[in-house]
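>>> what follows is a protein structure lacking sequence information:
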């Protein structure tokens, strides 16, 4: 009987340590909340702001729009009001697409609230550049001998609302008559599909390659804990790679990590 009590006690103590340690860390060593200065000074990868009439040709290390280049962090409401957008209206996802840069930078989860209170705000998954919670997806091209759209390009939409039954195509043509298109589609749940097209109606040949990125900074990300790892994630040749952390990117002079193998998908892990 004595041995049985000791075994039960040992199991109970191990369970408390295993599941209680992360909470104890948060209580006794809370993470410092991100400040405006943290977010403003955090590295922000983005597309090259090519000068009109030239080819962008590469991906640069900074977001080229004035909102994110400024150290003035604006409210989400103010940034959304200052931009022309296509609404996203699906059963479980709302938000909008910014026509400047063709960015998916406003995604709201309709089924989830930030707190248990029924009047609490819905969870905002993506937020525009220049806000404290900056987090967005962007698509474009790298070209040779061709003027490609940049993050400052203003696209023309085929419609004003993205729904499961109405995909939206964004179009832009350069002075040579070469047309770029981005087709956005959304399903009844959470999946947004993107198709990129290049139509060369000009007189000269052109070489272009599509690219996509997700812009995220560690300043507004959930901190990693003993049981939950948060940060960049890649899957290559069907194998997940968790080895790169925010600190690795911050300490890398080029803010760049190169992977080998075929890319299945890239993203960031968070608590939820």
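Done, it's in. In this text, all values refer to a predicted model and were calculated from it rather than measured experimentally.

>>> in the stretch 51-200 of the chain, which spans are helices?
66-69, 76-81 (DSSP state H, counting those that start in this stretch).

>>> least confident of those, on average?
The weakest mean pLDDT among the helices of the stretch 51-200 of the chain belongs to helix 66-69, with a mean of 39.

>>> assign a three-state SS to residue 11, would you?
Under the three-state scheme (DSSP: H, G, I helix; E, B strand; the rest coil), residue 11 adopts helix.

>>> sketch out the low-pLDDT regions of the stretch 101-250 of the chain for me.
Counting by pLDDT under 70, the stretch 101-250 of the chain contains no low-confidence range.

>>> 80 - rerun?
202-203, 217-220, 226 (pLDDT under 80).

>>> from residue 214, how far off is residue 180?
20 Å (CB to CB, to the nearest Å). For every residue, glycine as well, the C-beta is placed using N, CA and C.

>>> next, the contact list for the closest residue to residue 109 other than its chain neighbours, please.
The shortest distance from residue 109 to any non-neighbouring residue, by CB to CB, 6 or more residues apart in numbering, is to residue 123 (4.4 Å). Neighbouring residues of residue 123 by CB atoms under 8 Å, 6 or more residues apart in numbering: 108-109, 112-114.

>>> could you dump the residues you listed to CSV with neighbour count and distance to residue 256?
As requested, the contacts of residue 123 are exported to CSV (neighbours: other CB atoms under 10 Å; distance: CB to CB, whole Å):
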residue, neighbour count, distance to residue 256
108, 18, 31
109, 17, 31
112, 12, 33
113, 14, 37
114, 11, 33
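
>>> give me the subset of the residues you listed lying in strands.
108-109, 112-113 (DSSP state E).

>>> if we can go back for a sec, neighbour count for residue 180 and residue 214, which is higher?
residue 180 (26 against 15; other CB atoms under 10 Å).

>>> wait, that one touches residue 147, no?
No - in this structure residue 180 lies outside contact range of residue 147 using CB atoms under 8 Å: 9.8 Å.
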